[in-house]
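Trainee: Structure for the following, please:
(4 chains)
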There are 2 protein chains.
Amino acid sequence: MDSKAPLDVIAGSLRRERARAGLSLSEVAKRAGVAKSTLSQLESGTGNPSVETLWALCVALEIQFGDLIDPPRPKVQVIRAHEGPAIYSEQADYSATLVASCPPNARRDLYRLTVSPGPGRKSEPHMPGTIEHVVLGTGRALVGLSSEPVELHPGDYIAYPGDLPHLFQALEPNTTAVLVSETS
Amino acid sequence: MDSKAPLDVIAGSLRRERARAGLSLSEVAKRAGVAKSTLSQLESGTGNPSVETLWALCVALEIQFGDLIDPPRPKVQVIRAHEGPAIYSEQADYSATLVASCPPNARRDLYRLTVSPGPGRKSEPHMPGTIEHVVLGTGRALVGLSSEPVELHPGDYIAYPGDLPHLFQALEPNTTAVLVSETS
DNA sequence: TCCATGCGTTCGCCTTGACGAACGGCGCTG
DNA sequence: CAGCGCCGTTCGTCAAGGCGAACGCATGGA
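Mentor: Down below sits the predicted model:
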């Protein structure tokens, strides 16, 4: 659990974004149409703001709503070609390596794929709202919805709903790809 | 402005996510520790919930906070290797193609890179909180923060803060990569 | 058939967030 | 050095959100 009190996170984000914009508290409050007293309390971590208030502030600060709560974390991380937690399939000569995931409840997982020709890897639907993005690196593959797969060549990109049956079938040896699984 | 009333969006998301989890309104309310009357009103678009309330519901539904307001959209989209809006650089033989972006204020942009050896492309900092992910497809490249670049080989992955000076310098002809620019 | 259980909605009460006014502090100007 | 303007905070008032209780409605077991 990162059950870090969201109020504190919001308070920090509010201060940070306002500083970034170089605006005064009064100015932001005026633009957002909220009382500056309210904003003052929010930035001090006091209180429990309503959506309307936060929304107005987001518009005034020109930021996304979710940005107020998602924690920012900078860090350099390198995973070499054969490093990282690999996931091997029995269905085909297939390996997927998760290189970037969002900690608890993922929003966007970045996979690196290496697939050899075979019957292909069929995936049953994931969570509804999931979208998968694939960029083919090398080789050739049949990718997309099982009902209408698309043949991809190096550099090709495809996006499709991950909550419908889909597949990844390599057509050449040494087929590689990058897959971004976006869980909404 | 997509000043679509966020309350309605939240209401819809709430209903949708609850249906996805297959839970009853009462059950969700109990798990979240909120009165079911409150949840009922929220799902009907009435009212103006506080952060505490929404947070509790997000935990109960096991979703991200921002998911309540970000709109989900499924669709199949294919962009061939030489299609898509390309961005060419004067600094080097470099081409980047944006293959996926989040409509108005992007959260996650997916690029396909093709770079030829040269002085490299230096990037000044983007928005604070930006993180860039790179997966090298073919060739060899020097990637990462300008202060400490890393040599990548095919399949290598690197992530670094995009709000610091960074670069992408190919070391071999026909160097390709996938870049995910994550704007927080 | 009747009652029990769980569902989602509606109705007062009460806490709480949002507001405006007033306050103390700082920098500039006449 | 008084006066003004803007800053950010604090205080009192009022409306609105959250709560629990009661309601009407389906389902299913005795």
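Trainee: how close does A:Gly45 sit to A:Gly12?
Mentor: Distance of A:Gly45 to A:Gly12, computed by CB to CB, to the nearest Å: 8 Å. (Each C-beta comes from the backbone N, C-alpha and C, glycine too.)
Trainee: before we move on, what about A:Val59?
Mentor: 19 Å.
Trainee: And for A:Pro49?
Mentor: In this view, A:Pro49 and A:Gly12 are 14 Å apart by CB to CB.
Trainee: how about the helices in chain A?
Mentor: A:6-21, A:25-32, A:36-43, A:51-61 (DSSP state H).
Trainee: tell me which residues of the second one are tucked away?
Mentor: Neighbour counts using 16 or more other CB atoms under 10 Å in any protein chain shown place A:25, A:28-29, A:31-32 of helix A:25-32 among the buried residues.
Trainee: go on, the third one?
Mentor: Taking 16+ other CB under 10 Å as the neighbour-count basis, helix A:36-43 is seen to contain the buried residues A:38-39, A:42-43.
Trainee: what do you get for the first one?
Mentor: Taking 16+ other CB under 10 Å as the neighbour-count basis, helix A:6-21 is seen to contain the buried residues A:6-7, A:9-11, A:13-14, A:16-18.
Trainee: how's chain A carved up into domains?
Mentor: A:6-68, A:86-182 (automatic domain parsing).
Trainee: DNA strand C contacts on chain A?
Mentor: A:33-38, A:41-42, A:47-50, A:52-53 (CB under 7 Å from any atom of the strand).
Trainee: would you list the helices of chain A in TSV and tack on mean pLDDT?
Mentor: Shown next, in TSV, are the helices of chain A (pLDDT from 0 to 100):
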stretch	mean pLDDT
helix A:6-21	82
helix A:25-32	88
helix A:36-43	89
helix A:51-61	88
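Trainee: Adding distance to DNA strand D as columns, could you present those in a markdown table?
Mentor: What follows is those, written out as a markdown table (distance: least, CB to the nearest atom of the strand, whole Å):
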| stretch | distance to DNA strand D |
| --- | --- |
| helix A:6-21 | 8 |
| helix A:25-32 | 3 |
| helix A:36-43 | 3 |
| helix A:51-61 | 7 |
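Trainee: Turn the ones you listed into CSV, including distance to B:Thr138.
Mentor: What follows is the helices of chain A, written out as CSV (distance: least, CB to CB, whole Å):
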stretch, distance to B:Thr138
helix A:6-21, 38
helix A:25-32, 48
helix A:36-43, 49
helix A:51-61, 41
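Trainee: Compare the ones you listed and give me the one nearest A:Pro149.
Mentor: helix A:51-61 (40.3 Å; CB to CB).
Trainee: so what secondary structure elements neighbour that closest one?
Mentor: helix A:6-21, helix A:25-32, helix A:36-43, helix B:6-21, helix B:51-61 (3 or more CB pairs under 8 Å, 6 or more residues apart in numbering or on different chains; DSSP states H and E).
Trainee: Any idea which of these gets closest to B:Thr175?
Mentor: When those are compared (using CB to CB), the closest one is helix A:6-21, at 34.2 Å.
Trainee: Mind giving me the packing neighbours of the closest one?
Mentor: helix A:25-32, helix A:36-43, helix A:51-61, helix B:51-61.
Trainee: among those helices, which is nearest B:Ser146?
Mentor: helix A:51-61 (29.1 Å).
Trainee: what's the closest one in contact with?
Mentor: Outside helix A:51-61, the residues that touch it by CB atoms under 8 Å, 6 or more residues apart in numbering or on different chains are A:10, A:14, A:17-18, A:21, A:28, A:31-34, A:38-39, A:42, A:64-65, A:67-68, B:1, B:3, B:6-7, B:10, B:48-51, B:54.
Trainee: Export stretch A:159-170 to PDB, keeping only CA atoms.
Mentor: Written as PDB, here are the backbone C-alpha positions of stretch A:159-170 (Å, rounded to 0.1, in the frame of the first residue of the first chain):
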ATOM      1  CA  ALA A 159      -2.700  -0.700 -31.000                       C
ATOM      2  CA  TYR A 160      -5.700  -2.800 -30.100                       C
ATOM      3  CA  PRO A 161      -8.100  -3.400 -27.200                       C
ATOM      4  CA  GLY A 162      -6.400  -5.900 -24.800                       C
ATOM      5  CA  ASP A 163      -9.800  -6.900 -23.400                       C
ATOM      6  CA  LEU A 164     -10.600  -8.900 -26.500                       C
ATOM      7  CA  PRO A 165      -8.900 -12.100 -27.700                       C
ATOM      8  CA  HIS A 166      -5.700 -11.300 -29.400                       C
ATOM      9  CA  LEU A 167      -2.500 -12.900 -30.500                       C
ATOM     10  CA  PHE A 168       1.200 -12.500 -31.300                       C
ATOM     11  CA  GLN A 169       2.500 -14.900 -33.900                       C
ATOM     12  CA  ALA A 170       6.000 -14.600 -35.200                       C
END
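Trainee: Only the buried residues of it, if you could.
Mentor: A:159-164, A:166-170.
Trainee: The residues you listed: which two are farthest apart?
Mentor: Most distant of these, by CB to CB, are A:Asp163 and A:Ala170, 23.3 Å apart.
Trainee: And for A:Leu142, the neighbour number?
Mentor: 15 (other CB atoms under 10 Å in any protein chain shown).
Trainee: and it, how far is that from chain B?
Mentor: Applying CB to the nearest CB, to the nearest Å, the value for A:Leu142 to chain B is 13 Å.
Trainee: wait, which of the helices of chain A is closest to A:Ile131?
Mentor: That would be helix A:51-61 among those, by CB to CB, at 24.0 Å.
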